[in-house]
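*Asks:* only the shape, not the letters, is given here:
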Ligand code: CP
C-alpha cells in the first residue's frame, strides 16, 4: 500500500522496496529518449526545503519532479524569515497555506522531517536529517547494486569510514540487509559504533576487512562538520589507514571489486584521484540512478490527511 511519507527505510517492507526499485527501471529508460518527461504529476506541486547544503540530492529531486511534470518551488532558507527567528513550525504553517503536494526536507536535526509530516497534508520526503536517515540515498544505492547483481542475495558490501555520523551508513545498511546483502563496517574504532544493527561485522583493520571478500567497497565521506571532537589523529593518517590509495586501488582492481560513494568526495581522504576514473567506480551511476529512484518515490507516495 502506498505511504503518505518517506521518512526512513525501517518503515518500508521488503516488497515495497522491491516495488520502488522495479518502478525506477522504466523511469531510467526514459533518460535515453529525446523526450525525457512524462505527465504523471502534472498539476502537482513540490516544495524543496533544504536547511543544509546539498548538491546531488537537491538537484536530483528537482530534476525528478520536473521529469514527472510537477511544479517545483525552492524555498530559499537563507533569505527566509527563519533568519529573523521564525520557528520551523511557523514556517510549515505558512507553507501549508500554499497547499504543496510534496515537501522534500533536509535538516541537521534528526526527526525534523517526521515532525513536519505530522503537521501537513503534503507527502514529506526525508532528504537527510542529521545522522538519522537518508532513505532515497539508500534506495538509489540498492538500485545501483541490483544493476550489477540482479540477485544481490549473499553479495557482500563493505561500508568504510565515519559510520557513527553517517545517515547514509544507517539507511543503506538497513536496505541492503532487507534485500539479502551482507554488510560489514570498517573504520577507526572511534567511528564504528559497537552497538547498533545486528548481523553487521565490524572491522578496524583494512586487510582483515578485505579478507572478508567484499563485492563492493562503499566509501563514506568523513563528516568533519559533524565531529565535535577529534576522532582520529589527522586526515593524512585516516587516508593511510582507511583511504583507497593507489596501492589499494590496484588490489581492488585485481579483485574486480566495485567502488561506491554517496558524494561529495574528499579527495586525499577517503580516496585518491584515480578512483574517479576506475572502470568499476559506480559513483556516477549512483548520481544518475538517484533521479530514476526519486521519480519512483514521488510517483508512489500519496499525499493525504494531516497525520497524528
Ligand atoms: N549524497 C548526498 O546526500 O549528497 P548531497 O549532500 O550533495 O546531497
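*Replies:* That came through, no problem. These figures come from a predicted structure and were not determined experimentally. Numbering: from 1, shown residues only.
*Asks:* list the buried ones in the helix or strand bottoming out on mean pLDDT in the chain?
*Replies:* Among the helical and strand segments of the chain, the one scoring lowest on mean pLDDT, DSSP states H and E is helix 88-96, with a mean of 78. Neighbour counts over helix 88-96 (16 or more other CB atoms under 10 Å) mark 88, 91-92, 95-96 as buried. For every residue, glycine as well, the C-beta is placed using N, CA and C.
*Asks:* same check on stretch 178-196?
*Replies:* Result for stretch 178-196 [16+ other CB under 10 Å]: buried residues 178-179, 181-188, 191-192.
*Asks:* same check, this time on stretch 143-156
*Replies:* For stretch 143-156, using 16+ other CB under 10 Å, the buried residues are 143-146, 152, 155-156.
*Asks:* in CSV: these, plus pLDDT.
*Replies:* Listed next are the buried residues of stretch 143-156 as CSV, based on pLDDT from 0 to 100:
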residue, pLDDT
143, 98
144, 98
145, 98
146, 98
152, 97
155, 98
156, 98
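*Asks:* closest point of the stretch 201-308 of the chain to the ligand, which residue?
*Replies:* Closest contact between the stretch 201-308 of the chain and the ligand, by CB to the nearest ligand atom, is at residue 262 (3.7 Å).
*Asks:* who's in contact with the residue lying closest to that residue once chain neighbours are set aside?
*Replies:* Sequence neighbours aside, residue 168 is the residue nearest to residue 262 in space, at 4.8 Å (criterion: CB to CB, 6 or more residues apart in numbering). Neighbour list for residue 168: 134, 137-138, 141, 220, 262 [criterion: CB atoms under 8 Å, 6 or more residues apart in numbering].
*Asks:* which of the buried residues of helix 88-96 lies closest to the ligand?
*Replies:* residue 88 (19.8 Å).
*Asks:* these two touch, right, that closest one and residue 119?
*Replies:* No. Residue 88 lies out of contact with residue 119 (CB atoms under 8 Å); the separation is 9.1 Å.
*Asks:* okay, and the common contacts of those two?
*Replies:* Counting by CB under 8 Å, 6+ apart, residue 88 and residue 119 have no shared contacts at all.
*Asks:* dump the buried residues of stretch 178-196 to JSON lines, plus secondary structure.
*Replies:* Listed next are these as JSON lines, based on DSSP: H, G, I helix; E, B strand; the rest coil:
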{"residue": "178", "secondary structure": "helix"}
{"residue": "179", "secondary structure": "coil"}
{"residue": "181", "secondary structure": "coil"}
{"residue": "182", "secondary structure": "strand"}
{"residue": "183", "secondary structure": "strand"}
{"residue": "184", "secondary structure": "strand"}
{"residue": "185", "secondary structure": "strand"}
{"residue": "186", "secondary structure": "strand"}
{"residue": "187", "secondary structure": "coil"}
{"residue": "188", "secondary structure": "coil"}
{"residue": "191", "secondary structure": "helix"}
{"residue": "192", "secondary structure": "coil"}
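*Asks:* farthest-apart pair in those residues, please.
*Replies:* Maximum pairwise distance among those (CB to CB): 28.3 Å, between 179 and 188.
*Asks:* name the element residue 73 belongs to?
*Replies:* For residue 73, the host element (DSSP states H and E) is strand 71-75.
*Asks:* sheet partners, orientation included, of that strand?
*Replies:* Sheet pairing for strand 71-75, assigned by DSSP bridges, gives strand 45-50 (parallel).
*Asks:* now the partner strand, how far from the chain's geometric center?
*Replies:* Chain-centre distance of strand 45-50: 17 Å, with CA atoms, centre = their mean, to the nearest Å.
*Asks:* swap in stretch 58-70?
*Replies:* Relative to the centre of its chain, stretch 58-70 is centred 16 Å away, using CA atoms, centre = their mean.
*Asks:* closest to residue 128 among the buried residues of helix 88-96?
*Replies:* Nearest to residue 128 among these, counting by CB to CB, is residue 88 at 15.5 Å.
*Asks:* now do the SS call for residue 99.
*Replies:* What three-state DSSP gives for residue 99 is coil.
*Asks:* what bridges to the nearest residue to it once chain neighbours are set aside?
*Replies:* Closest residue to residue 99 apart from its sequence neighbours, by CB to CB, 6+ apart: residue 45 at 7.4 Å. Per DSSP bridges, the residues bridged to residue 45 are residue 71.
*Asks:* ok, residue 45 to residue 298 distance?
*Replies:* 12 Å (CB to CB, to the nearest Å).
*Asks:* tell me which of these two has more neighbours.
*Replies:* Neighbour totals were compared for residue 45 and residue 298, and residue 298 leads with 26 against 18 (other CB atoms under 10 Å).
*Asks:* is that one in contact with residue 62, as I believe?
*Replies:* No. Shown here, residue 298 and residue 62 do not form a contact pair, counting by CB under 8 Å, at 11.2 Å.
*Asks:* thanks again, I'm all set now.
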